[in-house]
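S.K.: need coordinates for the below:
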Amino acid sequence: MFFMLVHHLKYWPIRASRTTGDLSSFVRAAAARALVREALRATRDLADVAARRELRREIVAHARRAEPVASMGKADGAFALSEGRRRLKELREMLGMVRRGVRVVETANGVTLESTDGISRGETVVMAPFGSWATRSAAFAESNGPRAFLATFGERTVRETVALAMSLLNERKNAPDDSSAYARTLPETFDFVDACLTERHLTALDGTVTAARLRKRGDFVRALASSTGLMVKDVSWAIGAVSSHAMKSEIVPYALVPGCDLLDHSTTPNCVVRRDETTNDVFCASTRDVAPGEKLTISYGKSLCNDRALRMYGFASRELYSNDARVLSGGFRGVHPSNEAFDASVDESEKVFGGRKAALDAWRSEKDTFEDADVADGDAEWFRAATTLRRGQTEIIEAYIRALE
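M.R.: I've put the predicted structure just below:
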C-alpha cells in the first residue's frame, strides 16, 4: 500500500520557485510551496516510518525541480496548481485509509495490518473512500468492458468475475503508474490458482470434491487465456487476485476494496467491515480492544469450509473442520463429528441407506476407496494444506463408522 502512496506523486507538477518577477508569478510560487508543505504535513498520518521517509523524499524532490511553477504562463501555472491540489486531495484520501495506531507489516503471504499502540473497541482502523472501491467493482468493470465478449459467460457470477479480473489485469499491465498503484500492491503470484494447472498438485487431492473443482478451474483459466490471447500466468494471477481479495456481501456488492483488503481473515476476528450510509465509504472497525502488535482480522464467514478455503484462499485449517462435508456416491452428505448436526446426521444416514447395516457398509466402502495419504512435499504450503483437508475427510468417514458399529 505504501509503495502505492509514493508512486501516487510521481507526476505531481508542483515545483518550488525562485522566479518572482511579477505578482502573479510570486502568487503561484507561494501557492506551490504551500501545497508542498501541506503534502509534507499530510505524511504525518502515515504510521510506517520507512514509508513516511520515502514519501517525504519524493515530495521534496518535486519541490526542487528546475522548472518552477512561477516561470510558467498564467494558464499553465494555474493548471499546475490545480493538478497539485487534486493530487494532494488524492494523497490525503490514500493516507486516510490506514488510520493512526495501525501499520502495515510484512507476512509470509504478503502484507497485513497490525495495531501499534493499542486500539479501543469501535475504532475505525482503515477507510476506503467510495471512489476507490466503486471503480473496482464488478458492476463498474462489466459496464466498461467488452459487452459482446462478457455476454458469452451466461452465469452472472462467472461474468462478473471475468470482468473484474480482466479490469484488474488491465490496470496492472497498461494503466499509468499513478492509477495502477493498487494492482501493483497485490502479490506477484497466487499459488492456489497456479496449482490448478499442475497435475502433481491436483493429484494430491484425489478422492475429494476439491480436486474436481480445481481441475474445472484450471480448464477455465486455460480457456479464458486462449479466448483473450493472454498468457495463462496472467489470467491465473487475475483470477487469484479477485478470488482472494474481492469482497461480496450486503456491505460490498462484489468489489476490490483497497485498504480493507489488507486485513487477514480469521475464525475469531477482531474487526468488522461496514459502510457509511451517507458517503458509501467502506471501513473496518474494531469489535473489541486490540493489543499493541496484534494483527487486525476480519471474518471469513460462518460457513467457510476447507474445500472453499483451499480453492479461494490457498489454505486449510483444523478450525474449519466443523464446516467440512463428505458426499457419498448416493448423494448423502456427511458432516464432521465436530459439527453439532453430526448425531442427527447419523440417524438420517440410516434412513437414507435403508438401515443401520446398509449405512455402515456404505461408509466402510467409502473408507476402502479413500486413502488418507500424507501428501506433504518438503515445505510446500499447498501440500501441507492438502494433507490437512484430507485428514478432515478421513475423520468424517471414521466418525460415521464408529457411530454405526
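
S.K.: show me the shaky parts of the stretch 301-405 of the chain.
M.R.: 372-379 (pLDDT under 70).

S.K.: the stretch 151-300 of the chain too?
M.R.: Looking at the stretch 151-300 of the chain by pLDDT under 70, you get 175-181, 184-185.

S.K.: can we see that at 80?
M.R.: The stretch 151-300 of the chain contains residues with pLDDT under 80 at 154, 173-188.

S.K.: all helices for it, in order.
M.R.: In the stretch 151-300 of the chain, the helices defined using DSSP state H, counting those that start in this stretch lie at 156-174, 181-184, 191-194, 199-203, 209-228, 232-245.

S.K.: go ahead and name everything in contact with the third one.
M.R.: Pointing back at helix 191-194 there. Helix 191-194 has contacts (Cβ atoms under 8 Å, 6 or more residues apart in numbering) with 217, 221, 233, 236-237, 239-240, 243-244, 310-314, 381-382. Bear in mind the C-beta positions are built from the backbone N, C-alpha and C, glycine included.

S.K.: do the same with the fourth one
M.R.: With contacts defined as Cβ under 8 Å, 6+ apart, helix 199-203 is touched by 195-196, 211, 214-215, 218, 382-383, 386.

S.K.: can you point out the buried residues in that helix?
M.R.: 201-202 (16 or more other Cβ atoms under 10 Å).

S.K.: look up how far Ala204 lies from Asp264.
M.R.: 25 Å (Cβ to Cβ, to the nearest Å).

S.K.: what does Lys216 give?
M.R.: 17 Å.

S.K.: how about Glu398?
M.R.: Applying Cβ to Cβ, the value for Glu398 to Ala204 is 21 Å.

S.K.: could you do Val335 as well?
M.R.: Val335 is 23 Å from Ala204, by Cβ to Cβ.

S.K.: ditto for Phe283
M.R.: 39 Å.

S.K.: equivalent analysis for Gly154, please.
M.R.: 32 Å.

S.K.: returning to what we had before: Val335 and Ala204 - which one has more neighbours?
M.R.: Ala204 (24 against 21; other Cβ atoms under 10 Å).

S.K.: I figured the more buried one was touching Phe383, is that so?
M.R.: Yes - counting by Cβ atoms under 8 Å, Ala204 does reach Phe383; the two are 5.8 Å apart.

S.K.: show me the contacts for Phe283.
M.R.: Taking Cβ under 8 Å, 6+ apart, one finds 124-128, 260, 273-276 in contact with Phe283.

S.K.: let's go with 7 Å and repeat that
M.R.: Residues in contact with Phe283 (Cβ atoms under 7 Å, 6 or more residues apart in numbering) are 124, 126-128, 274, 276.

S.K.: most neighbours among the residues you listed, which one is it?
M.R.: Counting by other Cβ under 10 Å, top hit in the contacts of Phe283: Ala128 with 27 neighbours.

S.K.: residue contacts, Lys248?
M.R.: Neighbours of Lys248 in contact, by Cβ under 7 Å, 6+ apart: Tyr254.

S.K.: Leu256 against His245, yeah?
M.R.: Yes - counting by Cβ atoms under 7 Å, Leu256 touches His245, with 5.7 Å between them.

S.K.: of the two, which one has the most company?
M.R.: Leu256 (27 against 22).
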